[in-house]
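*Asks:* no FASTA, just this:
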């Protein structure tokens with residue numbers, strides 16, 4: 001009788017299931033690539049892109065596949081952003097808060113991925129992100145809906161009050177994250 005191959009001690013952990021369609025939810029780099037792919041359909045090849053709260057530059061690294069001619073810059077409160085520059089994931093790195101950089105009208109796209117819920121003053125960060133955008137630029141905000149003091153309704157209100165055009169619909173009630181894409185007029 002042939003012997004069976006040895007079984008691993010622990011089976012791989014199952015991926016979380018989407019409560020709506022039952023498919024596996026995307027995590028980590030796969031989620032970042034999916035976001036970049038979606039943005040590639042909405043945004044023509046931007047010249048410059050600022051990733052706020054970039055950390056080690058995981059999003060710019062994933063997005064470069066879809067935007068190979070875009071200059072990615074990063075800002076973050078920790079020195080990890082300097083590592084991202086050394087690893088050539090971002091071209092310019094700013095250590096500190098976006099509100100302290102003084103960037104004005106320089107970027108075609110600004111991303112705030114899970115950054116506002118960790119900010120001491122999310123409205124000031126949102127204002128600084130809009131200030132860093134060129135007219136016609138795109139702002140991408142993504143935040144956790146469960147633990148954020150800055151709710152999705154606040155994001156919608158802030159952006160529409162500042163004259164932005166919202167390109168995304170309101171989130172589904174079951175969604176653990178909220179994403180809005182807006183164009184600065």
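*Replies:* All right, it came through fine. From a predicted model like this one, the values you see are computed outputs, not experimental measurements.
*Asks:* Flag every buried residue along the longest helix seen in the chain.
*Replies:* The residue-count maximum for a helix in the chain (DSSP state H) belongs to helix 28-42. Buried residues in helix 28-42, counted by 16 or more other CB atoms under 10 Å: 31, 32, 33, 35, 36, 39. All C-beta spots, glycine's among them, are computed from the backbone N, C-alpha and C.
*Asks:* Report the beta-bridge partners for the nearest residue to the last one once chain neighbours are set aside.
*Replies:* Looking back up the chat, that one is residue 39. Counting by CB to CB, 6 or more residues apart in numbering, residue 140 is the residue found nearest to residue 39 once chain neighbours are left out, at 6.7 Å. When bridges are called by DSSP bridges, residue 140 pairs up with residue 111, residue 181.
*Asks:* Distance check, the spatially most central residue of the chain against residue 163.
*Replies:* In the chain, the centroid-proximal residue (CA atoms, centre = their mean) is residue 113; its distance is 3.0 Å. As for residue 113, its distance to residue 163 is 23 Å (criterion: CB to CB, to the nearest Å).
*Asks:* residue boundaries of the helices in this structure?
*Replies:* Going by DSSP H, the chain shows helices at 28-42, 58-63, 80-86, 122-132, 152-161.
*Asks:* so who does the residue nearest to the centre of the chain touch?
*Replies:* Applying CB atoms under 8 Å, 6 or more residues apart in numbering, we find residue 113 in contact with 35, 51, 52, 53, 59, 140, 142.
*Asks:* that older thread, hmm, the residue nearest to residue 39 is touching residue 38, no?
*Replies:* No - look at residue 140 against residue 38 with CB atoms under 8 Å: they stay out of range, at 9.6 Å.
*Asks:* what pLDDT does residue 26 get?
*Replies:* Predicted confidence (pLDDT) at residue 26: the value is 49.
*Asks:* Low-confidence ranges, this structure, go.
*Replies:* For the chain, residues meeting the criterion pLDDT under 70 lie at 1-27, 147, 170-175.
*Asks:* can we see that at 50?
*Replies:* Within the chain, the segments meeting pLDDT under 50 span 7-12, 15, 19-26.
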